[in-house]
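Student: below are the sequence and a predicted model for it; my questions follow.
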Amino acid sequence: MAEDTQEVNLYQKRIPIITRSVKGKFRNFKTAVLLLAYSIYFSLPWIPWHHLDAPSQAVLFDLPGRRFFIFGLEIFPQDIFWLSLLLFIAAAVLFFATSLVGRAFCGYFCFQTLWTDAFIWIEHWIQGERPARTRLAKQPWNGEKILKVGGTHALQLLLAFWTAFTFAAYFTYAPQFFVDFVTANAATVGYATVLILTLTTYVAAAHAREQICTYVCPYARFQGVMYEPETLAPNYNAKRGEGAAGRITAKPGLKTLEERHSKGHGDCIDCGFCVQVCPAGIDIRNGLQYQCISCGLCIDACDNIMDSMGYPRGLIRYDSEKNLAQDVPAKPHLEWFRLRTLGYGASIILMVGFLFYTIFTRTTFELSVQQVRQPLFVTLSNGDIRNRYQVRVTNKSGANQDYRVTVKGLPAADIDMGGMDVLHIDNGRSRMANVSVILSPTEAAKAPSFEFEVSPVNNPKEVESVTAHFHSNTENR
Ligand code: SF4
Ligand code: SF4
């Protein structure tokens, strides 16, 4: 028997989505988040903050100096552990939020959503509401179209450029970078970064838009695993909307709920407003779909229609599958007490607590000791045995410091510090002292352990110590 074959296109050609604007609480929340995020992102590199030996910038990722400044906090490569922990916390918060309220992160906080939203706002501002934009898209090119479409893309490119420039400004002293940039004196890497980020921001937010969420972002694909029947997500109440006889427009004789219900029709008047506002271009009435970013705009749209018709709100609302499956759904509410949410919540609390603990208890300097292993030991002409150690001290105190290096547990005569028992170290820098320990064969045979101790000269009570071991061919005999 011949097998039926069907060719399936893995990539669907994009149909541009022209969204209608909408008013409502979710729209207001999205706008508030956008304004807050933009204020923070665009202003941070310009906030002055005094640092001892770095440009006065509150948030500065000083790559040449190998340290990050976040206001008063100076982070060194040795603190990379914090970054890893932050990533784990971010992942746990994402999973926690998804299990409670679906892809709310995508709908309100993701960069792609925020920038797409701003770019759509520019379109709306220059070209008008959805019908005007649709008309403009269909009409042949003329003066009006060139002016409006050209103006839109010019403004979008400007926003993309400023986004890219701001990103680069986090890595250098922003005011100086601005002057160097406009006077063609900035480093090539600065221009390249701004150019690449301008183009990628422009393409992602002006052209690709929901395609990034649908085809590029992996989160859309694995969100299904994190959804539970109790998860709140924008849902269409199909029982209420369709009734027994299906949805129907609000024509004469079918305008009031009594009229509609008496004929078996549901409350959805099939106006399509929920579809027109959707940035993902989907119809929520077909059920929860992986393209949905949980932005809630369809809820605002439908609530507006319900208000205008005098029907109760909530035909589309944040609700759970479990609740909507009931004969009479209850008021939607967050279900915190589930194993998954409790697990995510507990792990977030633990990780955040540990992060703050390590930040507030971090020492002002770091000590590491490495034994020179090539060779592990040397037998001198008089039979004594020498081990060598590299003692590295990193100054994280925020000021230049002198550090005293001492060895405890061995007679002073056995130690050769090479004149480096006091190390002067600039803030943020490391220095290494080469220390030799020379023992007689009898002492060496005991394979002694001893302590390297380091403390700031001006604060001898702050001590870091590391245990070291002595090796020889006589040990353990
Ligand atoms: S269906 Fe569309 S408008 Fe509604 S929440 Fe999902 S992405 Fe937003
Ligand atoms: S906005 Fe509400 S009433 Fe209009 S089509 Fe969507 S679900 Fe139906």
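Tutor: That came in fine, so what should we check first? All figures in this text were calculated on a predicted structure; none of them were measured in a lab. Ligands and ions are numbered 1, 2, ... in the order given.
Student: okay, and the residue of the stretch 351-477 of the chain found nearest ligand 2 sits in which element?
Tutor: Relative to ligand 2, the nearest point of the stretch 351-477 of the chain is Val352 (39.8 Å; C-beta to the nearest ligand atom). C-beta: built from backbone N, CA, C; applies to glycine. In this structure, Val352 is located in helix 339-360 according to DSSP states H and E.
Student: same check on Arg392?
Tutor: strand 385-395.
Student: just to revisit the earlier point, number of nearby residues for the residue of the stretch 351-477 of the chain closest to ligand 2?
Tutor: 15 (other C-beta atoms under 10 Å).
Student: cool, Phe81 as well?
Tutor: Using other C-beta under 10 Å, Phe81 has 10 neighbouring residues.
Student: in contact with the most centrally placed residue in the chain, which residues?
Tutor: In the chain, the centroid-proximal residue (C-alpha atoms, centre = their mean) is Ala90; its distance is 6.8 Å. Contact analysis of Ala90 by C-beta atoms under 8 Å, 6 or more residues apart in numbering lists nothing.
Student: for Val369, helix, strand, or coil?
Tutor: Secondary structure, DSSP: H, G, I helix; E, B strand; the rest coil: Val369 is strand.
Student: just give the nearest non-adjacent residue to it, would you?
Tutor: The shortest distance from Val369 to any non-neighbouring residue, by C-beta to C-beta, 6 or more residues apart in numbering, is to Val466 (4.4 Å).
Student: which strand or helix spans the one you found?
Tutor: In the assignment (DSSP H and E), Val466 maps to strand 464-469.
Student: and that strand, what's buried?
Tutor: Glu464, Ala468 (16 or more other C-beta atoms under 10 Å).
Student: tell me the mean pLDDT for it?
Tutor: Averaged across strand 464-469, pLDDT comes to 93.
Student: can you list the strands that it pairs with?
Tutor: Using DSSP bridges, strand 464-469 pairs in its sheet with strand 449-456 (antiparallel).
Student: three-state assignment of whichever residue of the stretch 101-250 of the chain sits closest to ligand 1?
Tutor: With C-beta to the nearest ligand atom, the shortest gap between the stretch 101-250 of the chain and ligand 1 falls at Pro234, namely 3.8 Å. Under three-state DSSP, the three-state class of Pro234 is strand.
Student: bridged to it, which residues?
Tutor: Beta-bridge partners, per DSSP bridges, of Pro234: Tyr318.
Student: got a pLDDT number for Thr214?
Tutor: Confidence for Thr214, expressed as pLDDT, is 87.
Student: helices or strands up against the helix or strand of the chain with the lowest mean pLDDT?
Tutor: Here the helix or strand of the chain ranked lowest by mean pLDDT, DSSP states H and E is helix 219-226, holding a mean of 79. Packing partners of helix 219-226 (3 or more C-beta pairs under 8 Å, 6 or more residues apart in numbering; DSSP states H and E): helix 80-101.
Student: and the helix it packs on, what's buried?
Tutor: Buried residues in helix 80-101, counting neighbours by 16+ other C-beta under 10 Å, are found at 82, 85, 89, 92-101.
Student: so, low pLDDT: which residues of the stretch 1-150 of the chain?
Tutor: Low-confidence segments of the stretch 1-150 of the chain (pLDDT under 70): 1-4, 6, 8-12.
Student: point me to the residue of it nearest ligand 2.
Tutor: Ranking the residues of the stretch 1-150 of the chain by distance to ligand 2 (C-beta to the nearest ligand atom) places Val22 first, at 9.9 Å.
Student: so that residue is in which element?
Tutor: Assigned by DSSP H and E, Val22 belongs to no helix or strand.
Student: what residues does it make contact with?
Tutor: For Val22, the contacting residues are Phe273, Val277, Leu297, Asp300, Ala301, Asn304, by C-beta under 8 Å, 6+ apart.
Student: quick check: it vs Ser262, distance?
Tutor: In this view, Val22 and Ser262 are 31 Å apart by C-beta to C-beta, to the nearest Å.
Student: do the same with Ile438
Tutor: Using C-beta to C-beta, Ile438 is found at 103 Å from Ser262.
Student: then Asn458?
Tutor: For Asn458 relative to Ser262 (C-beta to C-beta), the value is 88 Å.
Student: repeat for Gln326
Tutor: 24 Å.
Student: swap in Asp414?
Tutor: Note on Asp414: its distance to Ser262, by C-beta to C-beta, is 102 Å.
Student: looking at the two, which is more packed in?
Tutor: Higher neighbour count among Asp414 and Ser262: Asp414, with 18 against 11, using other C-beta under 10 Å.
Student: does the more buried one touch Ser436 like I think?
Tutor: No - Asp414 is beyond contact range of Ser436, at 9.1 Å (criterion: C-beta atoms under 8 Å).
Student: including distance to ligand 1, could the buried residues of helix 80-101 go into a markdown table?
Tutor: Formatted as a markdown table, these follow (distance: C-beta to the nearest ligand atom, whole Å):
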| residue | distance to ligand 1 |
| --- | --- |
| Trp82 | 35 |
| Leu85 | 32 |
| Ile89 | 26 |
| Ala92 | 24 |
| Val93 | 20 |
| Leu94 | 18 |
| Phe95 | 20 |
| Phe96 | 20 |
| Ala97 | 15 |
| Thr98 | 14 |
| Ser99 | 17 |
| Leu100 | 16 |
| Val101 | 11 |
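Student: and the furthest pair within these?
Tutor: Trp82 and Val101 (27.9 Å; C-beta to C-beta).
Student: from the contacts of Val22, list the buried ones, please.
Tutor: Using 16+ other C-beta under 10 Å, the buried ones in the contacts of Val22 are Phe273, Val277, Leu297, Asp300, Ala301, Asn304.
Student: go back to these and keep what's next to ligand 2.
Tutor: Among these, the ones lying near ligand 2 by C-beta under 6 Å from any ligand atom are Phe273, Ala301.
Student: on the three-state scheme, Gly334 is what?
Tutor: Actually, residue 334 is Leu. It isn't Gly. coil.
Student: so it makes contact with Val101?
Tutor: Yes - if you go by C-beta under 8 Å, Leu334 and Val101 touch, sitting 7.4 Å apart.
Student: quick check: neighbours shared by these two?
Tutor: Common neighbours of Leu334 and Val101, using C-beta under 8 Å, 6+ apart, are Leu232.
Student: where do the helices of the stretch 51-200 of the chain begin and end?
Tutor: Here the stretch 51-200 of the chain has its helices, by DSSP state H, counting those that start in this stretch, at 80-101, 104, 111-127, 130-138, 143-169, 174-182, 188-202.
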